[in-house]
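Trainee: Build me a model from this:
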Amino acid sequence: KHNNLWDIALNTENETKLKKSFLNGKLSEKINKRLKKYIELNKSPLAVRSSSIFEDSQYKSLAGSYDTFMLPNNSSSHLKRLSDLKDAIKLVFASIFKSTGKTLIKNSGHNIEEEKMAVIIQHIAGKKNKKESRFYPTFSGVIKGINYYPFSYMKRNEGIIYLALGFGRTIVDGEKCLAISPKYPEVIPQFHSYSSIIESTQNNFYALDLKRDTKLSKDLSIYSLDEAEKDNILHWVGSVITKNDKQLRHSLLEEGTRIVSFAHILKWETFPICKIAKEFLKLGRSSLGCEVEIEFSVNMYKNKNADFNILQIKPMSNVDINQK
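Mentor: Residues are numbered from 1 along each chain as shown. Model (predicted):
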């Protein structure tokens with residue numbers, strides 16, 4: 001069966017057949033026992049994702065090429081939650097052999113037989129709204145050691161931070177988010193005019209729907225800023241373009257268009273993201289010997305300190321640490 005699965009993986013271009021073949025495969029008894037114990041002890045939402053040789057390579061990285069699954073992991077049935085977890089693991093492995101994955105590996109100058117992958121199971125960093133079924137962090141971000149488009153007196157090796165309400169898919173998919181320099185957080189080119197603010201700032205966000213269809217899905221649900229305001233999350237990162245005089249006000253008590261400005265964090269340091277970014281960029285450079293990219297999320301609370309979660313740190317491909 002193993003040889004048959006390998007033949008299918010290497011030779012089929014039919015993704016439905018590929019997924020079905022992997023789902024019909026069996027994990028070892030040792031892994032099954034460990035996963036069963038893990039599910040019995042953990043009922044938090046889970047991310048099932050890959051970590052491979054080519055994906056994490058400093059040169060010709062294939063980062064983002066393979067599938068990630070987010071599981072609500074909240075069924076009352078242990079067997080159901082275990083089945084979902086095992087299926088997600090199999091499908092992450094299967095994603096190496098999708099036509100896009102095979103093409104990327106070939107174009108990188110390697111053979112698919114050289115790829116080695118581990119599957120990582122992580123607790124998703126976020127909070128559940130008490131009344132609704134939404135689960136998401138207050139905000140997520142990506143810190144990069146090189147700012148390819150410095151503005152004003154910024155320098156490219158001072159880095160850049162991308163920030164977004166909710167899950168970081170907003171950033172990864174190139175949707176609207178806020179870009180700032182960790183050294184000059186007050187300089188925000190996107191905010192040079194009323195129309196620019198409306199056009200360039202985030203007007204929705206991604207969250208995990210804990211009541212969604214139980215079938216495995218890679219998709220997060222998308223919500224409007226109104227939902228974040230109802231969840232008492234928008235006030236941490238939101239501002240208002242006032243209805244009457246079209247001024248930017250940093251209070252949701254005003255009537256007007258809600259925007260994601262991160263003003264409370266950047267102006268009054270309700271969370272020291274810029275200090276953290278500069279420290280981790282310095283640490284990453286000294287540890288990996290190159291410029292780095294760091295993915296993170298933050299949960300903010302009213303009556304206790306915020307949680308800062310490092311999700312991933314990886315080298316920025318083909319970037320010289322001495323570039324200015």
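Trainee: Which parts of the stretch 51-200 of the chain are helices?
Mentor: Secondary structure of the stretch 51-200 of the chain by DSSP state H, counting those that start in this stretch: the helices cover 78-94, 99-107, 169-172, 194-200.
Trainee: Ile276: what's its closest spatial neighbour, skipping adjacent residues?
Mentor: Counting by C-beta to C-beta, 6 or more residues apart in numbering, Phe308 is the residue found nearest to Ile276 once chain neighbours are left out, at 6.5 Å. C-beta: built from backbone N, CA, C; applies to glycine.
Trainee: Assign the one you found to helix, strand or coil.
Mentor: strand (DSSP: H, G, I helix; E, B strand; the rest coil).
Trainee: so what's it bridging to?
Mentor: As for beta bridges, Phe308 partners with Val298 under DSSP bridges.
Trainee: Just give the number of residues close to it.
Mentor: When neighbours are counted by other C-beta atoms under 10 Å, Phe308 registers 15.
Trainee: Surely it touches Phe296?
Mentor: Yes - counting by C-beta atoms under 8 Å, Phe308 does reach Phe296; the two are 6.5 Å apart.
Trainee: Now for Glu113, how many residues are close by?
Mentor: Around Glu113 there are 9 residues (other C-beta under 10 Å).
Trainee: ok, it - contacts?
Mentor: Listed by C-beta atoms under 8 Å, 6 or more residues apart in numbering, Glu113 has no contact partners.
Trainee: can you check Ser44 too?
Mentor: Counting by C-beta under 8 Å, 6+ apart, Ser44 has contacts 73, 123-124.
Trainee: how about a cut-off of 7 Å?
Mentor: 73, 123 (C-beta atoms under 7 Å, 6 or more residues apart in numbering).
Trainee: Quick check: it vs Gly159, distance?
Mentor: Distance of Ser44 to Gly159, computed by C-beta to C-beta, to the nearest Å: 32 Å.
Trainee: Please apply the same query to Gln247.
Mentor: As judged by C-beta to C-beta, Gln247 and Gly159 stand 31 Å apart.
Trainee: these two touch, right, the residue nearest to Ile276 and Val298?
Mentor: Yes - judged on C-beta atoms under 7 Å, Phe308 makes contact with Val298 at a distance of 5.5 Å.
Trainee: In terms of helices and strands, where is Asp7?
Mentor: Taking DSSP states H and E as the definition, Asp7 sits inside helix 2-11.
Trainee: Can you tell me the closest non-neighbouring residue to Glu255?
Mentor: Once flanking residues are discounted, Glu255 sits nearest to Lys243: 4.6 Å by C-beta to C-beta, 6+ apart.
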